[in-house]
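[1] take this sequence and fold it.
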Amino acid sequence: MTDFKTVIKDEYSDITFNVEASEIISAYKKERRRRISVLTSSALCCMLIVTLFISFNPRAVEGFVSSTQSFLSGIFPPSDSISEITGTKPSETYSPSTTSVKKEQTAKKHIDKKNRIKTKSKEQKMTAEAKQISSVPVIETQPETEAEETVAKVNFDVLKNGKIKLTRFETDEKKIVIPKRIEGYKVAVIGSGIFDGNNSVEEITLPDTVTEIEEKAFKNLRLLTSVKMKNVKVIGGEAFEGCKSLKSINLGSIKKIRAYAFKDCAGIESVSIPASAEIVGSGAFYNCSGLKTAYIYADCDDNDEFSYGETFKSCKNLQKAVIGDGVKRVYSEMFQDCTSLSEVLLPLTLEAIEFKAFYGCTKLLSIEIPRKVKYYGKLCLGYYGAENKVSGFTIKGYRDSSAYVYAENNGFKFENVGANRSETLVTLFSHIKTLKVGEKYKLEYSVENPVGDTTFKSSDKTVASVSKKGVIKALKKGTASITVTNNSASAKFIVIVE
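    Now for the predicted structure:
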């Protein structure tokens, strides 16, 4: 083969090759490798610059990358793309805009998780109105207080008013805190059977957005000891039935307590039904075997067929019942078979004692009947069993009142409280009052045939104090009795501090 020399001019640079023909290919490849090395280094430098640049100005990334690619294409042969130099596709090596968005999304998700609820878009909220929202898989709830976070599987319905009713709250947590909002909606109603089959919950805290607890919502939660609620107005039928460990319940400004709402709640020891209650359903506290004291302020709607009937029926350990001023009726079977009941205070406003109201109260040996009472239902006082009379049962009242007539007609002893007008008699215009801490209340009373000064004494000065003029001041939560005394006569007034 004849050797010959030729001059080759590279069309992309000023480099001249003066080589033999056999060396043309190898020389060209060598130079090509050199150029690839230089351009690869340049590309890496550009990537570094881009990385620094996007940390300060993520939105300018796409423009910068476009400019960089144009620059590289201008200095590299058209047939040799960036993918040929690096051996990868550009999108695989680096994507500044995608990375920036992912960082923002990650940060947003972190914030959403910390705030407990992922927010729906406006369009989703509009289409969700008045429709059932189901299968919300897992939410994390964290109340405004420092209560333990609750994780639960939740379903809910969106109501017409734009609030929601919880229809499922599945969790194994012992302490449950219901959030104020879920997916932006206010939680207003606790739905029926929401905790069906829950065998672990011990404490439940409801937000002030919840105004209604539907029927059977907490039924048979046998380990439940405490329910904290601030603004509930309606408690549905059997809502807490069978919650045997529930120790107390604060009804606040409740309006409606439906039938058997607290039936068989053996742990409750004291109940106060506020004056705000418009309806107290039949058997609301039926067979609460641990109940010892009951305070009733509400005069319920006479037209509601369920009001107050059997309210405390079969509460075997109930010892004391105080019915507040303003109440006009003791309803049918209200205290029937309360076999430990021994003390009852009736208000001066009372007008009727209905059928079997105190039937079977074998330890109630005497009761004072106010003057205004005109109606006595059959077997309402002094009877038990198969219409047997309670031995020694005595009715106290005025001889010119209906109390005397009832005693005579049923063969009971009668004690005339105004028999000897020379004796001192202390009469309270009301027997019970609920106060908030710091509030004051002036006792209203009268004294017939007084001897010396009338005195006042509190049974618990840490709960409520009373001045020499009969002004009561509420000091801390609890119950105290104020004794009003003149000569040998006295009367008791009950103060409940909330």
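[2] thinking Val201 is in contact with Ile178, fair?
    No. No contact is recorded between Val201 and Ile178 when judged using C-beta atoms under 8 Å, the distance being 11.4 Å. In short, each C-beta sits where N, CA and C put it, glycine included.
[3] from what I see, Val271 and Val280 are in contact.
    No. Val271 sits out of contact with Val280 when judged by C-beta under 8 Å, with a separation of 10.5 Å.
[4] the two - which one has more neighbours?
    For Val271 versus Val280, neighbours defined as other C-beta atoms under 10 Å are more numerous around Val280 (28 against 24).
[5] so that one bridges to which residues?
    For Val280, the beta-bridge partners are Ile257 (DSSP bridges).
[6] which ones are touching it?
    Taking C-beta atoms under 8 Å, 6 or more residues apart in numbering as the contact definition, Val280 lies against Ile257, Ile273, Ala298, Cys300, Ser307, Tyr308, Thr311.
[7] Lys374 now?
    For Lys374, the set of contacting residues under the criterion of C-beta under 8 Å, 6+ apart consists of Glu351, Ala352, Ser402.
[8] closest one to Val189 out of the residues you listed, please.
    Minimum distance to Val189 across the contacts of Lys374 is 35.6 Å, recorded for Ala352 (C-beta to C-beta).
[9] got a list of what the closest one touches?
    Contact partners of Ala352, counting by C-beta under 8 Å, 6+ apart, are Lys328, Arg329, Val330, Val373, Lys374, Tyr375, Tyr376, Gly377.
[10] between the residues you listed, which is closest to Val189?
    Nearest to Val189 among those, with distances taken as C-beta to C-beta, is Arg329, at 31.1 Å.
[11] for the closest residue to the closest one other than its chain neighbours, give the beta-bridge partners.
    Closest residue to Arg329 in three dimensions, ignoring its sequence neighbours and counting by C-beta to C-beta, 6 or more residues apart in numbering: Ala352, at 4.7 Å. Taking DSSP bridges, one obtains Arg329, Tyr375 as the residues bridged to Ala352.
[12] pLDDT value on Ala352, please?
    You'll see Ala352 listed with a pLDDT of 95.
[13] and it, how far is that from Ser402?
    Look at Ala352 and Ser402: by C-beta to C-beta, to the nearest Å, they are 10 Å apart.
[14] now do the shared contacts for these two.
    In the contact map built from C-beta under 8 Å, 6+ apart, the residues linked to both Ala352 and Ser402 are Val373, Lys374, Tyr376.
[15] can you give me the strands in the stretch 251-400 of the chain?
    Taking DSSP state E, counting those that start in this stretch as the criterion, the stretch 251-400 of the chain carries its strands at 256-257, 270-273, 279-280, 293-296, 320-323, 329-330, 343-345, 352-353, 366-368, 375-376, 383-384, 388-389, 394-397.
[16] and these as a markdown table, adding distance to Lys153?
    Rendered in a markdown table, the data for those read as follows (distance: least, C-beta to C-beta, whole Å):
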| stretch | distance to Lys153 |
| --- | --- |
| strand 256-257 | 30 |
| strand 270-273 | 34 |
| strand 279-280 | 34 |
| strand 293-296 | 39 |
| strand 320-323 | 43 |
| strand 329-330 | 46 |
| strand 343-345 | 48 |
| strand 352-353 | 50 |
| strand 366-368 | 53 |
| strand 375-376 | 54 |
| strand 383-384 | 51 |
| strand 388-389 | 56 |
| strand 394-397 | 59 |
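[17] residues contacting Leu223?
    Leu223 sits in contact with Lys174, Asn199, Ser200, Val201, Glu202, Ser245, where contact means C-beta under 8 Å, 6+ apart.
[18] measure stretch 329-346 end to end?
    End-to-end distance of stretch 329-346: 10 Å, with C-alpha to C-alpha, to the nearest Å as the criterion.
[19] any buried residues in it, and which?
    Taking 16 or more other C-beta atoms under 10 Å as the neighbour-count basis, stretch 329-346 is seen to contain the buried residues 329-342, 344-346.
[20] on that earlier part again, just the closest of the contacts of Ala352 to Thr362, please.
    When those are compared against Thr362 (criterion: C-beta to C-beta), the nearest one is Val330, at 17.6 Å.
[21] thinking Ile323 is in contact with Thr349, fair?
    No. Using C-beta under 8 Å as the test, Ile323 is too far from Thr349 to be in contact (9.3 Å).
[22] more neighbours, the two?
    Ile323 (25 against 18).
[23] leaving out sequence neighbours, find the closest residue to the more buried one.
    Spatial nearest neighbour of Ile323, excluding adjacent residues (C-beta to C-beta, 6+ apart): Ile296 at 4.8 Å.
[24] all helices of the stretch 351-498 of the chain, in order?
    Assigned by DSSP state H, counting those that start in this stretch, the helices in the stretch 351-498 of the chain fall at 402-410.
[25] direction included, what does the strand or helix carrying Val187 pair up with?
    For Val187, the enclosing helix or strand under DSSP states H and E is strand 185-190. For strand 185-190, the paired strands and their directions (DSSP bridges) are strand 164-170 (parallel), strand 181-182 (antiparallel), strand 212-213 (parallel).
[26] give the rounded mean pLDDT of the second one.
    When you say that, I think you mean strand 181-182. If you average the per-residue pLDDT over strand 181-182, you get 92.
[27] next one: the longest one
    Summarised as a single mean, pLDDT over strand 164-170 is 92.
[28] buried ones in stretch 424-436?
    Neighbour count says stretch 424-436 has Thr424, Leu425, Val426, Leu428, Ser430, His431, Ile432, Lys433, Thr434, Leu435 buried, by 16+ other C-beta under 10 Å.
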